[in-house]
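**Q** Need coordinates for the following:
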Amino acid sequence: MPWNFPILLTWLRILLIPIFTLLFYLPVSWISNPQMINWLAAILFAAAAITDWFDGYLARRWGQTSNFGAFLDPVADKLMVAVALILLVATGRTYAIFAMIIIGREITISALREWMAQQGKRNNVAVAQIGKLKTAAQMAAIFLLLLTSSTVTKPNLFGQFGNILMLIACILTIWSMLYYLKTAMKEFKS
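**A** Residues are numbered from 1 along each chain as shown. Next up is the predicted model:
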């Protein structure tokens, strides 16, 4: 397993997940301002999103790409997003159907990429522009929903806008999944 700064950033994202999760389970008596938990969670999530972009950029720029890094990076991303979505659903800030669509798509596309890699055709399902748009909408939605304590039944501006972005992210999620499946379809016939 190679060790370099981009991979350390990826590991940092994975290590942030339990800290991020624990914020939601701190006793209320520990924090004088409960809104502080939302801000801390949003900041941790934003830091994870930034390191996601930054580690890939540095790995390519410094010529430190590796098969292990290419494996670990999407795992870290999917873990952070899945945990954030589950916590948002558990706190009533977004709809379970949104989480199911996004997590289901991630599992499906990960399995597809693994199968295509076994066929020696991983590049046939490389990240496309639609996937990048989906990720941007998803990250922005999660960030906004982490900032607020409002629920889907009593939303404030952040909650409303966050769930509108989440709906857009779900539409892009389905669209990108169909795109990847269509791209790989000819391999299914082999």
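**Q** What are the contacting residues of the helix or strand that contains Ala140?
**A** Taking DSSP states H and E as the definition, one finds Ala140 inside helix 129-147. Residues outside helix 129-147 that contact it (CB atoms under 8 Å, 6 or more residues apart in numbering) are 38-39, 41-42, 45-46, 49, 81, 84-85, 88, 93-94, 102, 158-159, 161-163, 165-166, 168-169, 172-173, 175-176, 179-180. To be clear about C-beta, it is placed using only N, CA and C from the backbone, and glycine gets the same treatment.
**Q** let's see 6 Å
**A** For helix 129-147, the external contacting residues (CB atoms under 6 Å, 6 or more residues apart in numbering) are 38, 41-42, 45-46, 49, 84, 88, 93-94, 158, 161-162, 165-166, 168-169, 172-173, 175-176, 179.
**Q** now, which of the residues you listed lie within helices?
**A** 38, 41-42, 45-46, 49, 84, 88, 158, 161-162, 165-166, 168-169, 172-173, 175-176, 179 (DSSP state H).
**Q** Low-confidence regions, the chain specifically.
**A** When residues are selected by pLDDT under 70, those of the chain lie in 1, 121-127, 188-190.
**Q** Next one: Val83 from Met36, what distance?
**A** For Val83, the distance to Met36 equals 20 Å [CB to CB, to the nearest Å].
**Q** of the two, who's got more company?
**A** The neighbour comparison of Val83 against Met36 (other CB atoms under 10 Å) goes to Val83, with 17 against 12.
**Q** what's the burial count for the nearest residue to Gln119 once chain neighbours are set aside?
**A** Closest residue in space to Gln119, ignoring its immediate chain neighbours: Glu187 at 6.0 Å, by CB to CB, 6 or more residues apart in numbering. Using other CB under 10 Å, Glu187 has 14 other residues around it.
**Q** what residue is smack in the middle of the protein?
**A** For the chain, Val81 is the residue whose C-alpha lies nearest the centre (CA atoms, centre = their mean; 3.3 Å).
**Q** Would you mark the buried spots in the helix or strand containing that one?
**A** According to DSSP H and E, Val81 maps onto helix 67-90. Buried positions in helix 67-90, judged by neighbour count with 16 or more other CB atoms under 10 Å: 69, 72-74, 76-85, 87-89.
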